[in-house]
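>>> everything below, folded, please.
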Amino acid sequence: MPPNIFRYVLETSGLHQLFLLLLTVGVFLLEVVPLELQRRIVNDLVKHREYRLVITLCAVYAGAVLVQGGTKLVLNLYRSWIGERATRDLRRRIHVLVSSPSSASSGSEAQGVQASMIVAEVEPIGGFVGASVSEPLLQGGVMISVLAYMIHLDLWMASTALALFLPQLVFVPLMQGAMNRRTGARVQIIRQLSIGVVQATGRDDARDQTDDQRINRVFELNMGIFRLKFTMNFLMNLSTQFQIIGALLVGGWAVYTDQLEIGGVVAFISGIGRLTDPWGDLVNYFRNVNITQVEFRLMSDAVNQQTQAQAPDKTHQNETGVHP
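Numbers count the residues shown, from 1 in each chain. Reported below is the predicted structural model:
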């Protein structure tokens with residue numbers, strides 16, 4: 001197995017990733033269409049234009065939402081299929097090692113690692129394979145397209161929202177890095193617990209106490225992750241609300257002085273909401289990159305070591321005329 005998760009992605013799903021990219025581009029390019037339609041509908045209502053124009057725009061809005069939603073549905077199903085293929089491939093590779101005759105004599109530590117990998121560790125890695133390329137492109141594309149539209153609506157509102165967004169570029173990486181370190185430590189401890197389960201026979205009080213300490217340590221690490229995660233979410237949501245308040249203050253003044261139509265403010269606030277989810281998804285993606293790379297490297301090392309350990313046995317059997 002390759003030591004790098006992205007090399008594995010290319011080896012197992014390179015062509016499918018290209019099709020995902022095409023679907024992804026279509027999804028984020030359609031993102032600004034509902035915003036523009038909202039602006040036009042509100043402005044037509046304020047200007048007391050014929051109501052049939054509003055009905056027409058609402059019909060176009062519904063069509064745009066269906067097209068975008070349908071495209072995103074296909075994208076999500078396709079990504080899930082790719083991820084499940086990768087999960088199945090990893091489980092098959094590990095199962096071959098677990099089922100081999102030499103694996104039975106490889107020791108309880110190796111068996112515990114294999115059990116942990118085939119039961120739990122392959123799931124997040126497989127899921128990452130499906131979203132590894134399309135996820136950052138989708139969320140980054142949505143943010144760029146919506147931000148460009150917000151700048152088009154009003155530069156001052158966009159500048160205010162961006163200034164209130166900048167603190168997230170400081171506290172998010174710091175808190176995310178702390179979560180990544182705790183997650184990496186948790187993976188290692190859970191593996192040690194899996195080894196302890198395999199070594200269940202002939203246990204003593206000292207070993208039970210060690211496993212209990214590991215369980216407590218996993219609890220502490222998980223609670224540390226939760227504290228960081230939910231505090232970060234609180235700060236991100238607070239930043240979003242401040243952006244909306246800033247848009248209402250600046251945009252409200254622009255409407256009051258006849259420099260902007262009310263529909264522009266409505267579309268801008270809606271755009272701020274559309275920036276929150278992709279930014280949060282990007283944060284989660286880069287967290288998963290670090291975590292998944294660590295997990296995949298550990299899995300790759302374990303599989304490669306076991307394969308190398310089996311190679312001399314197979315060579316010896318072939319030389320003596322006994323085939324595995």
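>>> in this structure, where's the longest helix?
Selection of the longest helix in the chain by residue count, based on DSSP state H, yields helix 262-319.
>>> which residues of this structure score low on pLDDT?
Confidence mapping of the chain against pLDDT under 70 gives the ranges 97-121, 194-208, 306-324.
>>> please name the nearest non-neighbouring residue to the residue nearest the centre of it.
Compute the mean C-alpha point of the chain, and by CA atoms, centre = their mean the closest residue is Y285, 3.5 Å away. Nearest residue to Y285 in three dimensions, chain neighbours excluded: E135, at 5.1 Å (CB to CB, 6 or more residues apart in numbering). For glycine as for every other residue, the C-beta is placed from the backbone atoms N, C-alpha and C.
>>> so the one you found is in which element?
For E135, the enclosing helix or strand under DSSP states H and E is helix 134-153.
>>> just the angle between that helix and helix 262-319, please?
Regarding helix 134-153 and helix 262-319, their directions subtend 160 degrees when assessed with axes from the mean of the first three to the mean of the last three CA atoms, to 10 degrees.
>>> in helix 134-153, what counts as buried?
Buried residues in helix 134-153, defined by neighbour count with 16 or more other CB atoms under 10 Å: 134-136, 138-143, 145-147, 149-150, 153.
>>> could I have that helix exported to CSV, CA atoms only?
Presented in CSV, the C-alpha positions along helix 134-153 are these (Å, rounded to 0.1, in the frame of the first residue of the first chain):
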residue,chain,number,x,y,z
SER,A,134,-14.4,17.2,-4.8
GLU,A,135,-15.0,18.5,-1.2
PRO,A,136,-12.4,21.3,-1.1
LEU,A,137,-13.3,22.3,-4.7
LEU,A,138,-17.0,22.4,-3.9
GLN,A,139,-16.8,24.3,-0.7
GLY,A,140,-14.0,26.6,-1.9
GLY,A,141,-15.9,27.2,-5.1
VAL,A,142,-19.1,28.1,-3.3
MET,A,143,-17.3,30.5,-1.0
ILE,A,144,-15.5,32.3,-3.9
SER,A,145,-18.6,32.5,-6.1
VAL,A,146,-20.8,33.8,-3.2
LEU,A,147,-18.1,36.3,-2.1
ALA,A,148,-17.7,37.6,-5.6
TYR,A,149,-21.4,38.1,-5.8
MET,A,150,-21.5,39.9,-2.5
ILE,A,151,-18.7,42.3,-3.7
HIS,A,152,-20.7,42.9,-6.8
LEU,A,153,-23.7,43.8,-4.7
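>>> counting by contacts, list what that helix packs against.
The criterion is 3 or more CB pairs under 8 Å, 6 or more residues apart in numbering; DSSP states H and E, and the helices and strands that helix 134-153 contacts are helix 5-29, helix 32-46, helix 51-99, helix 155-165, helix 262-319.
>>> okay if I get those helices as JSON lines plus distance to F128?
Formatted as JSON lines, the entries for those read as follows, by distance: least, CB to CB, whole Å:
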{"stretch": "helix 5-29", "distance to F128": "7"}
{"stretch": "helix 32-46", "distance to F128": "28"}
{"stretch": "helix 51-99", "distance to F128": "7"}
{"stretch": "helix 155-165", "distance to F128": "27"}
{"stretch": "helix 262-319", "distance to F128": "4"}
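>>> tell me the one among the buried residues of helix 134-153 nearest to L22.
Sorting the buried residues of helix 134-153 by distance to L22 puts S134 at the head of the list, at 9.7 Å, by CB to CB.
>>> pretty sure that closest one sits against R79.
Yes - with contact defined as CB atoms under 8 Å, S134 reaches R79; the gap is 6.1 Å.
>>> who's in contact with the helix holding E135?
17, 20-21, 23-25, 27-29, 31-32, 35-36, 39, 75, 79, 157-158, 161-162, 260, 264, 267-268, 271-272, 274-275, 278-279, 281-282, 285 (CB atoms under 8 Å, 6 or more residues apart in numbering).
>>> one step back: what residues are shared contacts of S134 and R79?
For the pair S134 and R79, residues contacting each of them under the criterion CB under 8 Å, 6+ apart are L20.
>>> against P124, how distant is the residue nearest to Y285?
In this structure, E135 and P124 are 13 Å apart, going by CB to CB, to the nearest Å.
>>> hmm, back to that, just the buried ones from the contacts of helix 134-153?
The neighbour-count criterion (16+ other CB under 10 Å) marks 17, 20, 23-24, 27-28, 31-32, 35-36, 39, 75, 79, 157-158, 161, 260, 264, 267-268, 271-272, 274-275, 278-279, 281-282, 285 among those as buried.
>>> burial count for the closest residue to V60 other than its chain neighbours?
Closest residue to V60 in three dimensions, ignoring its sequence neighbours and counting by CB to CB, 6+ apart: L37, at 6.3 Å. Other residues near L37 come to 19 when the count uses other CB atoms under 10 Å.
>>> perfect, I'm done here.
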